[in-house]
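**Q** Structure, please.
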Amino acid sequence: MRLSNGFVIDKEKTFGELKFTAVRDVFLQNEDGTPSTQLKKRIYDLKCSLHGGIIPV
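**A** Below is the predicted model:
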């Protein structure tokens, strides 16, 4: 696995088994503070079997 900064890691030794658990959409806000329909970013949650935690990517 190659990370965005160029490092190459062994995914199995670092994270163990990764499982997809959720996807979250984050929307931009209108001037009045209400959420707009324009998508700002999408976050995928992966569960790490080695550490037992959730990794947002």
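
**Q** This structure: helices as residue ranges?
**A** Assigned by DSSP state H, the chain shows helices spanning 11-15.

**Q** Dihedrals phi and psi, the residue of the chain positioned farthest from its centre?
**A** Residue farthest from the centre of the chain, counting by C-alpha atoms, centre = their mean, is D32 at 28.3 Å. Main-chain dihedrals, D32, degrees, to the nearest 10: phi -90, psi 0.

**Q** Please report how far it lies from Q38.
**A** Going from D32 to Q38 by C-beta to C-beta, to the nearest Å gives 15 Å. Placement of C-beta: from N, CA and C, glycine included.

**Q** Do a quick rundown of the strands in the chain.
**A** Counting by DSSP state E, the segments of the chain that form strands are 18-29, 35-48, 54-56.

**Q** Name the residues that touch the last one?
**A** Spelled out, that is strand 54-56. In this structure, residues lying in contact with strand 54-56 by C-beta atoms under 8 Å, 6 or more residues apart in numbering are F15, L18, T21, I43, Y44, D45, L46, K47, C48.

**Q** Run through the residues that contact the third one.
**A** For T21, the set of contacting residues under the criterion of C-beta under 8 Å, 6+ apart consists of D45, L46, K47, I54.

**Q** how much space between the last one and G6?
**A** So the one you mean is I54. 25 Å.

**Q** Same drill for those two, tell me which one is more crowded.
**A** More crowded of I54 and G6, by other C-beta atoms under 10 Å: I54, with 11 against 6.

**Q** quick one: buried residues of the helix or strand bottoming out on mean pLDDT in the chain?
**A** In the chain, the helix or strand scored least confidently by mean pLDDT, DSSP states H and E is helix 11-15, which has a mean of 82. With burial defined by 16 or more other C-beta atoms under 10 Å, the residues of helix 11-15 counted as buried are F15.

**Q** Residues contacting that helix, please?
**A** Here helix 11-15 makes contact (C-beta under 8 Å, 6+ apart) with M1, L18, C48, S49, L50, H51, I55.
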